[in-house]
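[1] Need coordinates for the below:
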Amino acid sequence: MTYPGQTETITYKRQKSKGKRQAILSQLKAEEVHHRLEEDSCPDCHGGLKEIGACVKRQELVFIPAQLKRIDHVQHAYKCQACSQKNAQDKIIKAPFPRAPLAHSFGSASIIAHTIHQKFKLKVPNYRQEEDWNKLGLPITRKEIANWHIKSSHYYFEPLYDLLREKLLEQPILHADETSYKVLESDSQLTYYWTFLSGKHEEQGITLYHHDKRRSGLVVKEFLGDYSGYVHCDMWSAYRQLNQVELVGCWAHVRRKFFEATPKKADKTSLGAKGLRYCDQLFALENDWIDLSTEERLYKRQIELAPLMDEFFDWCREQAVLSGSKLGRAVAYSLKYENTLKTVLQDGHSFFSNNLAERAIKSLVMGRKNWLFSQSFDGAESTAIILSLLETAKRHGLDSEKYMTYLLEHLPSEESLANKDVLEAYLLWAESIQNNCK
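    Sure, this is the predicted structure:
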């Protein structure tokens, strides 16, 4: 410990990161810039100079701004000599060529994919993209960009989204959350985005967003249908209307309420601090078992976690606190949803918190701070579909911009997007996608 008036002497050396800068530089192709004397005579005796060598004195990285390039797709035609001689008309065979995602539009696959990347990954609103594209010499408007996203979603992404939804509802464990949103053409002040996603350890990890005018249980019932697995949630009343599912309470919400009920300078013996300490002990145990198999984790939960939970809820029942206070609300919340918070003891696959869904909804909330609202319901729906594909791509370690480009290059040429066998090849865990979109 260092006291006032004392100085601390560093007795160790910080380890330098060896070769990190050079490793990055060596990955890039070098372009040499030579610096020679303007005069080839000695400044003292004016005699001739002979070059004896050169060395690299400095390496730097240079940023090259994006540029537009025009590609002309030339279709070649062929005539079958044999068939033409037998028939009155020549038989002409034309080489296939890829269809554009949007006919008679500047929106090529790469350009649309980049506008999607800019808006939904980098959170750059359309009006700011409009300025950048104009600087590059492409005079497109924010309205055109919005229309590209809406039409691409409707034509190509929505069938894929529907298939992902079917896959999601086959999984045993889901997470769910919701947040408010503003749509200008809506007659209500706020609309809502919902997120439904699979568990962290699911091999076919899926994150979906759904936009709706309502925040009621009807939305959850319509989206989940006859789903009968586990659903992690924050106990909003809409989820409690699900009769066929097993709800899993979020202990992070319990801890948050006790944290808010504990003043910063509170004594460790205060009731809020005691409740917070119980939650921290539960999370510490759960964190110790993170690498265990599901069977081992379930056994540990039933042997060690269950008694500690019972002790916590017994402690809550003993407290006589004001019902309207922050501490009173924390205790009341814990006791009200005691059975749901204990659901985690039934299955080793379940999770101790709903943080996975909260992080998923945060991606939308961060975007909302930048683009603020959607003009229409079509725009809000396309946002949900696009974000679903981007976040699911992220879960599978894909480059989301490459993935969107790949979809827009190949899906327009598919004969039927209603065919699930066709769409299977474009799911994020498909071999072709993994090979081309990393």
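
[2] Could you use CA atoms for every contact and neighbour count after this?
    Will do.

[3] From what I see, R395 and G205 are in contact.
    Yes. Assessed by Cα atoms under 8 Å, R395 is found in contact with G205 at 6.5 Å.

[4] These two: who's more crowded?
    Between R395 and G205, counted using other Cα atoms under 10 Å, G205 has the larger neighbour count: 22 against 16.

[5] can you list the weak-confidence ranges in the protein?
    1-18 (pLDDT under 70).

[6] Give the residue farthest from the middle of it.
    C45 (68.9 Å; Cα atoms, centre = their mean).

[7] how near is that residue to R36?
    19 Å (Cα to Cα, to the nearest Å).

[8] And for G47?
    G47 is 17 Å from R36, by Cα to Cα.

[9] likewise K274?
    Applying Cα to Cα to K274 and R36 gives a distance of 74 Å.

[10] quick one, which of these two is more surrounded?
    K274 (17 against 9).

[11] you'd agree that one is up against D267?
    No. Counting by Cα under 8 Å, K274 stays clear of D267, with 9.7 Å between them.

[12] re earlier: so which helix or strand takes in the residue farthest from the centre of the chain?
    According to DSSP states H and E, C45 maps onto no helix or strand at all.

[13] quick one: secondary structure of Y192?
    When classified by DSSP: H, G, I helix; E, B strand; the rest coil, Y192 comes out as strand.

[14] just K79 next, same as before
    Strictly by three-state DSSP, K79 counts as strand.

[15] Phi and psi next, for the closest residue to it other than its chain neighbours.
    The shortest distance from K79 to any non-neighbouring residue, by Cα to Cα, 6 or more residues apart in numbering, is to I92 (4.6 Å). Backbone torsions for I92, taken as degrees, to the nearest 10, come to phi -110, psi 130.

[16] Which residues are in contact with I92?
    By Cα atoms under 8 Å, 6 or more residues apart in numbering, the residues touching I92 are A77, Y78, K79, C80.

[17] residue boundaries of the strands in the stretch 1-150 of the chain?
    77-80, 91-94 (DSSP state E, counting those that start in this stretch).

[18] Can you tell me the strand partners of the last one and which way each runs?
    Counting by DSSP bridges, the strands paired with strand 91-94 are strand 77-80 (antiparallel).

[19] and the partner strand, C-alpha only, in CSV?
    Provided in CSV are the C-alpha atoms of strand 77-80 (Å, rounded to 0.1, in the frame of the first residue of the first chain):
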residue,chain,number,x,y,z
ALA,A,77,-24.8,-16.8,-77.8
TYR,A,78,-24.1,-20.0,-79.6
LYS,A,79,-25.7,-21.7,-82.6
CYS,A,80,-26.1,-25.4,-82.9
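
[20] May I see the buried residues of it?
    Across strand 77-80, burial judged by 16 or more other Cα atoms under 10 Å covers no residue at all.

[21] Quick one: the helices in the stretch 151-300 of the chain, in order.
    158-168, 217-224, 251-260, 271-288, 294-300 (DSSP state H, counting those that start in this stretch).

[22] which residues are contacting the shortest one?
    Counting by Cα under 8 Å, 6+ apart, the neighbours of helix 294-300 from elsewhere in the structure are W289, I290, L345, Q346, D347, G348, H349.

[23] Show me just the buried residues among the residues you listed.
    Buried, going by 16+ other Cα under 10 Å: L345, D347, G348, H349, out of the contacts of helix 294-300.

[24] re the thing from before, which pair in the contacts of helix 294-300 spans the largest distance?
    Pairwise distances across those peak at 16.5 Å for I290 and Q346 (criterion: Cα to Cα).

[25] just the contacts of I92 now: which is nearest S416?
    Closest to S416, out of all of the contacts of I92 and judged by Cα to Cα, is A77, at 25.4 Å.

[26] Please tell me how far the residue most central in space within the chain sits from S416.
    The centre of the chain sits closest to E391, judged by Cα atoms, centre = their mean, with a distance of 3.0 Å. Separation of E391 from S416 (Cα to Cα) stands at 25 Å.

[27] likewise A23?
    47 Å.

[28] Let me see the contact set for A100.
    Contacts of A100 (Cα under 8 Å, 6+ apart): S108, A109, E409, P412.

[29] my bad, Q204
    Here Q204 is in contact with W429 (Cα under 8 Å, 6+ apart).

[30] please redo it, this time with the cut-off set to 10 Å
    By Cα atoms under 10 Å, 6 or more residues apart in numbering, the contact set of Q204 is L164, K167, L168, Q171, S198, T392, R395, H396, L427, L428, W429.

[31] Buried among those residues? Need that as a selection in PyMOL.
    This is the PyMOL syntax for the buried subset of the contacts of Q204, where burial follows 16+ other Cα under 10 Å:
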select buried, resi 164+168+171+198+392+395+396+427+428+429
